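> Need coordinates for the following:
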Amino acid sequence: MSDELPRGWASSAIKKFADINPRHPKGLDEDMLVTFAPMAGISESRPDFLFTEERPLRDVRKGFTHFAEGDVLFAKITPCMENGKGAVARGLRNKIGCGTTELHVVRPLEGISPEYIYSFLAQRWVRREAKEHFTGSAGQARVPTSFIEELEIPLAPLDEQRRIVAKLQKLLIQVDACQSRLRKIPLLLKRFRQSVLIAACSGRLTADWRGSKSPLTVLPPVSIGLPEDADCVDGWGWKMLTSLARLESGHTPRKTVPEYWEGGEVPWICLQDIRAANGKVITDTILNPTMHGIDNSSARMLPAGTVVFSRDISVGYVAIMGREMATSQHFADWICGPELNNRFLMYALMASRDHLVSSGQGSTVGTIYMPALKEFHLLTPPFLEQKEIVRRVEKLFALADRIEARFVEGRKRVDSITQAILAKAFRGELVPTEFELAKSEGRSFESAEELLERIRQHGDPREKLQKPPQTLRAKETLLKKNRHLQKAFRGEL
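Numbering: from 1, shown residues only. From the prediction side, this is the model:
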């Protein structure tokens, strides 16, 4: 590895230039407030804490991880480690911190930038290699201390470390800004799709198709009961949904009877299916009972094209059967007649989801019961306009899908930029090397090898946390004794 490093760099195991998992010295004031960092307060993408608390040292000295100002924190438990949780401890109260036990602490010695070490540990390949060294059981797997101690880091001279860190901070701020803008796109697309549905099911989307020029003011397209003051555009009208479609319900064959389920091939829609296929056509299901199970329950086979509407737990989710299927009792199933396009009904239900969710009854899970379902009214356009509405909705949804696909690809690219930048940094390609600058300026510099040798010979001359001097502690003890004696002579004890 050293043959591939830039001039002036050196490869070294972390344990040669840092203390691993050090503890606080003894003799500290137990009443002193210190920073406490829970795992939730540690970021997955940046070195600063998301949030911290302040606690007396006595409350966190035992049973927690110890760290100090400038230490590097590395989450060691799954999945926090794989997710990138880590930090550089800065701005600690009294320069002392404690936190979750699921952290490794790296305390770099003088001449080693903590942010440089943090950035190296933030690389995905480091996290992948750490995962390969996991110890412990599934769900409780951890990175052993030995992995951190023996991990080889390409070490640049100190001034170059600082330039690399400064450049990384500048570039990653730009990447974060790009990611922040990208994160807004899914919400914008969700709002766009909902606006399309509302416009479609109120008559706005096809106003030009009808040749209408007047403004539209209509209520939501699906309602329990017929609103008395509902405005309708020409040719539209509020109709009982049961006059346009046959209402059916589903059932679950008894799970305790093996022959109702073992080897079954009947497509049977459950809540997991509807959540995954909301607004789409369902062709396959997670669970498949046998026909014997269907025949011995209240479930029934319904034709392809049936609109499936979740009436409890996941109220408002809706899909269309892609073939003959059955459903659980959580659904209201609508078999559309000749005057109702099933896709129009699906989009109308989706457009009114918020209204339907709020209309559900029950303190824990809102449920729309069958009597209420039978009272549903649908704001219904002529059949030809229904078909035109479906065509326009699906054209606009296809546009949104293309934008979403581009967003997903763009997000992957932006996410990869961070790792590409980190890789360039630790190949010595992000900033001019100290060797190059020293040569151009005609000066000497301390190489990483020389830095490591200085650390080896002299240790860390940084000011460390010290326990109070013996003479000071003796003086404090004497003062306490004197105060005790004074109280005794005054008769206060």
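
> C-alpha from now on. contacts and neighbour counts both.
Fine.

> give me phi/psi at residue 34?
phi -130, psi 160 (degrees, to the nearest 10).

> Surely it touches residue 56?
Yes - contact criterion CA atoms under 8 Å: residue 34 and residue 56 qualify, at 6.1 Å.

> more neighbours, these two?
Per other CA atoms under 10 Å, whichever of residue 34 and residue 56 has more neighbours is residue 34, with 24 against 15.

> Look up how far residue 276 lies from the spatially closest residue to that one that is not a sequence neighbour.
Using CA to CA, 6 or more residues apart in numbering and skipping the chain neighbours, the partner closest in space to residue 34 is residue 93 (4.9 Å). Note on residue 93: its distance to residue 276, by CA to CA, to the nearest Å, is 47 Å.

> between those two, who's got more neighbours?
residue 93 (17 against 12).

> Kindly provide the distance from the more buried one to residue 266.
Taken as CA to CA, the span from residue 93 to residue 266 is 63 Å.

> Give me the domain ranges for the chain.
2-180+417-480, 212-380 (automatic domain parsing).

> In a markdown table, list these along with mean pLDDT.
Listed next are the domains of the chain as a markdown table, based on pLDDT from 0 to 100:
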| stretch | mean pLDDT |
| --- | --- |
| domain 2-180+417-480 | 90 |
| domain 212-380 | 87 |
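
> quick one, helices of the stretch 151-300 of the chain?
158-183, 185-202, 207-210, 271-276, 291-295 (DSSP state H, counting those that start in this stretch).

> Test my guess that residue 102 contacts residue 75.
Yes - counting by CA under 8 Å, residue 102 does reach residue 75; the two are 6.0 Å apart.

> of those two, who's got more company?
Neighbours around residue 102 and residue 75, counted as other CA under 10 Å, are more numerous at residue 75. The numbers are 25 against 20.

> in the sheet, who's paired with that one?
With DSSP bridges as the criterion, residue 75 is bridged to residue 103.

> how far away is it from residue 122?
11 Å.

> Find the residues that touch each one of these two.
84, 86 (CA atoms under 8 Å, 6 or more residues apart in numbering).

> coming back round to it: go ahead and confirm the residue nearest to residue 34 touches residue 32.
No - using CA under 8 Å, residue 93 makes no contact with residue 32, being 9.0 Å away.

> ok, now how distant is residue 355 from residue 26?
On the measure of CA to CA, residue 355 and residue 26 end up 63 Å apart.

> Apart from its neighbours in sequence, what residue is nearest residue 419?
residue 123 is the one closest to residue 419 (CA to CA, 6+ apart), at 6.2 Å.

> Now for that neighbour: which residues touch it?
Per CA under 8 Å, 6+ apart, neighbours of residue 123: 419, 422, 423.

> which of the residues you listed count as buried?
422, 423 (16 or more other CA atoms under 10 Å).

> okay, the contacts of residue 123 in CSV with distance to residue 147 and secondary structure next?
Shown next, in CSV, are the contacts of residue 123 (distance: CA to CA, whole Å; DSSP: H, G, I helix; E, B strand; the rest coil):
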residue, distance to residue 147, secondary structure
419, 21, helix
422, 21, helix
423, 20, helix
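
> can you give me the end-to-end distance of stretch 420-434?
22 Å.

> which one of residue 355 and residue 26 has more residues nearby?
residue 355 (17 against 10).

> and the next element down the chain from the host helix or strand of the more buried one?
Residue 355 belongs to helix 353-359 when assigned by DSSP states H and E. Reading on from helix 353-359 to the C-terminus, the next helix or strand found by DSSP H and E is helix 370-373.

> Same question for that next one: list its buried residues.
residue 373.

> One more: stretch 270-283?
270, 271, 273, 274, 277, 278, 279, 281, 282, 283.

> ok, the second one - contacts?
With contacts taken as CA under 8 Å, 6+ apart, residue 271 has the following neighbours: 310, 314, 330.

> Which one of the residues you listed is nearest to residue 181?
Closest approach to residue 181 among the contacts of residue 271 (CA to CA): residue 314, at 30.2 Å.

> Just to be sure, the closest one is in a strand?
No - applying DSSP: H, G, I helix; E, B strand; the rest coil, one finds residue 314 to be coil, outside a strand.

> Now for it: which residues touch it?
Here residue 314 is in contact with 271, 275 (CA under 8 Å, 6+ apart).

> quick one: it from residue 278, how far?
Distance from residue 314 to residue 278, counting by CA to CA: 10 Å.

> can you check residue 158 too?
For residue 158, the distance to residue 278 - CA to CA - is 56 Å.

> Residue 447 too?
To residue 278, residue 447 is 61 Å away according to CA to CA.

> what about stretch 157-174, distance to the chain center?
27 Å (CA atoms, centre = their mean, to the nearest Å).

> what ranges do the strands span in the stretch 201-350 of the chain?
Taking DSSP state E, counting those that start in this stretch as the criterion, the stretch 201-350 of the chain contains strands spanning 222-224, 237-240, 245-249, 268-269, 281-282, 307-310, 318-321, 326-327, 331-336.

> let me redo that: the stretch 351-493 of the chain
376-380.

> Residue 135: what's it in contact with?
Residue 135 sits next to 141, 142, 143, 144 when contact means CA under 8 Å, 6+ apart.

> Ok, residue 143 next?
76, 77, 130, 131, 133, 134, 135.

> In this structure the fifth one contacts residue 145, no?
To tie it back to what came earlier, the one meant is residue 133. No - contact criterion CA under 8 Å: residue 133 and residue 145 do not qualify, at 10.2 Å.

> What is the burial count for residue 238?
20.

> ok, now residue 46?
Applying other CA under 10 Å, I find that residue 46 has 20 neighbouring residues.
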